[in-house]
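J.: coords below, sequence missing:
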């Protein structure tokens, strides 16, 4: 399979120096993206797709309404309690590790929750945005770590 099949956009053919620069500097990132796609994104997509059947069953139930209304306040409360505890301990390696673990745990909880309780089950059909979601999540984690 050619490398050009996976690109999102193409540089104009007249931009020879741009194409050379992209091919030389972008090649390692292309292979990194390809490896991470097979190691992380595809298995994660397969696991999350197992939740689709349950999500369709929960559509329109009282349980789903309760979760939809209680999840955000509960998450906010837990985050505030953990955040205040970490702030009392001061900035240490332990609190930094706790912050990172909090972000990882929230990611592991809310990715399946997003699949179980979508705004509409029609969102489960069609394109797969898992790769984009993972990139947004990990970039948010990195920026959150850099901001502390």
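T.: Nice, thanks for sending it over. Quantities reported herein were computed from a predicted structural model and do not represent experimental measurements.
J.: For residue 56, give its distance to residue 112.
T.: According to C-beta to C-beta, to the nearest Å, residue 56 stands 15 Å off from residue 112. For the C-beta atoms, the positions are set from N, CA and C on the backbone; glycine is no exception.
J.: the more surrounded of these two?
T.: A count of neighbours by other C-beta atoms under 10 Å puts residue 112 above the other of residue 56 and residue 112, at 15 against 11.
J.: Centre of the chain to stretch 57-65, how far?
T.: Put simply, stretch 57-65 sits 24 Å off its chain's centre (C-alpha atoms, centre = their mean, to the nearest Å).
J.: Buried residues in that stretch, which are they?
T.: Within stretch 57-65, the residues that count as buried by 16 or more other C-beta atoms under 10 Å are residue 58.
J.: Check stretch 86-95 too.
T.: 86, 95.
J.: again, but for stretch 32-51
T.: Buried residues in stretch 32-51 (16+ other C-beta under 10 Å): 41, 45, 48, 51.
J.: repeat for stretch 139-148
T.: residue 141.
J.: can you list the weak-confidence ranges in this protein?
T.: Filtered on pLDDT under 70, the chain yields the residue ranges 1-14, 126-131, 148.
J.: center of it - which residue?
T.: The centre of the chain sits closest to residue 134, judged by C-alpha atoms, centre = their mean, with a distance of 2.6 Å.
J.: Check the gap between it and residue 80 for me.
T.: As judged by C-beta to C-beta, residue 134 and residue 80 stand 26 Å apart.
J.: Show the subsequent helix or strand relative to the lengthiest helix in the chain.
T.: For the chain, the helix that runs over the most residues, judged by DSSP state H, is helix 62-89. Per DSSP states H and E, the first helix or strand lying C-terminal to helix 62-89 is helix 93-116.
J.: residues making contact with that following helix?
T.: Outside helix 93-116, the residues within contact range by C-beta atoms under 8 Å, 6 or more residues apart in numbering are 44, 48-49, 51-52, 54-55, 58, 67, 71, 75, 79, 82, 86, 89, 124, 133, 137, 140-141, 144-145, 148.
J.: Try it again at 7 Å.
T.: For helix 93-116, the external contacting residues (C-beta atoms under 7 Å, 6 or more residues apart in numbering) are 48, 51, 54-55, 58, 71, 82, 86, 89, 137, 141, 144-145, 148.
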